[in-house]
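# quick one, structure for this:
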Amino acid sequence: MSSFEHPLGISFEFFPPNTDAGHDKLIHVRDELAARQPRFFSVTYGAGGSTQARTRELVRTVSQSGITTAPHLSCIGSEKAQLRDLLAQYREEGVNSLVALRGDMPSGMASIGELRYANELVEFIRAETGDHFEIAVAAYPESHPQAANLDKDVENFVRKMKAGANMAITQYFFTADAYFNFVDKVRALGVEQPIIPGIMPITNYTKLARFSDACGAEIPRWVRKQLESYGDDSEAIAAFGTDVVSKLCQRLLDGGAPGLHFYTLNQAAPVLKIVDNLTD
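Purely as a prediction, here's the structure:
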């Protein structure tokens, strides 16, 4: 069975905590989510030495669960020699799955690096390691915020998939039709690999709105208005958010989505409430 395949069709993303307390808490979150037998865990990555080190440490911690763990790997700001060393280290540590991303230019870093785009990173990984790694890449159903338009973004996505990616994980979204439209577009251009919807639980409206505006994820107006009406009532926000996202997930699965990838924000409870609402 492929590392990215599992009959439950769910997977979870973590980010490296900045503190020892956060790391200890995440071990409990890992165990709660591992009990649901996900396809895989992914661990986010940022360029720069300290963040890379935290990512590798968290990959080792998370993989102790016995669940396939896929580190994020970004190419912006990195040289080929660095990437080559990191790939070798992951191979030695038994990692066989990656999420390959372009990434963002780190603050204060002058060089963009030798690889500028995610398709170049996928090609590099394949040239260096053959088929050792299963590779996931990012997809943007509502278009990457820096793309000229959706059609250009779709072209870039197809380029990544044809470079050797095994699957894609989308940016989160709240409109199912955006996902289905994107899948139809790329299928028409010959992409056959699985495209897994990325799912963001709604627990804090202020943070969600700020993050969504920055990354180009549209919050439907009716959802914004309802969340705004709750003010500081965190329980009401969480209950409404769970209902909205659960219905989104069910529609995606009913429409043929091959699974769901949850952006956990290192919390188990909001995700598990949604998972428990889903039917087979």
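# hmm, residue 174 and residue 142 touching each other?
No. Under the criterion of Cβ atoms under 8 Å, residue 142 is not in contact with residue 174, lying 9.6 Å apart. (C-beta placed from N, C-alpha, C; glycine too.)
# quick check: neighbours shared by the two?
217-218 (Cβ atoms under 8 Å, 6 or more residues apart in numbering).
# you'd agree residue 136 is in a strand?
Yes. Counting by DSSP: H, G, I helix; E, B strand; the rest coil, residue 136 is part of a strand.
# got the contact list for it?
Here residue 136 is in contact with 4, 42, 70, 97-100, 165-169, 196 (criterion: Cβ under 8 Å, 6+ apart).
# between those, which sits nearest residue 153?
The nearest member of those to residue 153, counting by Cβ to Cβ, is residue 168 at 12.5 Å.
# who's the nearest residue to the closest one once chain neighbours are set aside bridged to?
Spatial nearest neighbour of residue 168, excluding adjacent residues (Cβ to Cβ, 6 or more residues apart in numbering): residue 139 at 4.2 Å. As for beta bridges, residue 139 partners with residue 170 under DSSP bridges.
# quick one on the thing from earlier: can you tell me which of the contacts of residue 136 is nearest residue 203?
Closest to residue 203 out of these is residue 42 (19.8 Å), distances taken as Cβ to Cβ.
# tell me which element the closest one is part of?
Using DSSP states H and E, residue 42 sits in strand 41-43.
# output the contacting helices and strands for that strand.
Applying 3 or more Cβ pairs under 8 Å, 6 or more residues apart in numbering; DSSP states H and E, one finds that strand 41-43 contacts strand 10-14, helix 20-34, helix 49-63, strand 69-74.
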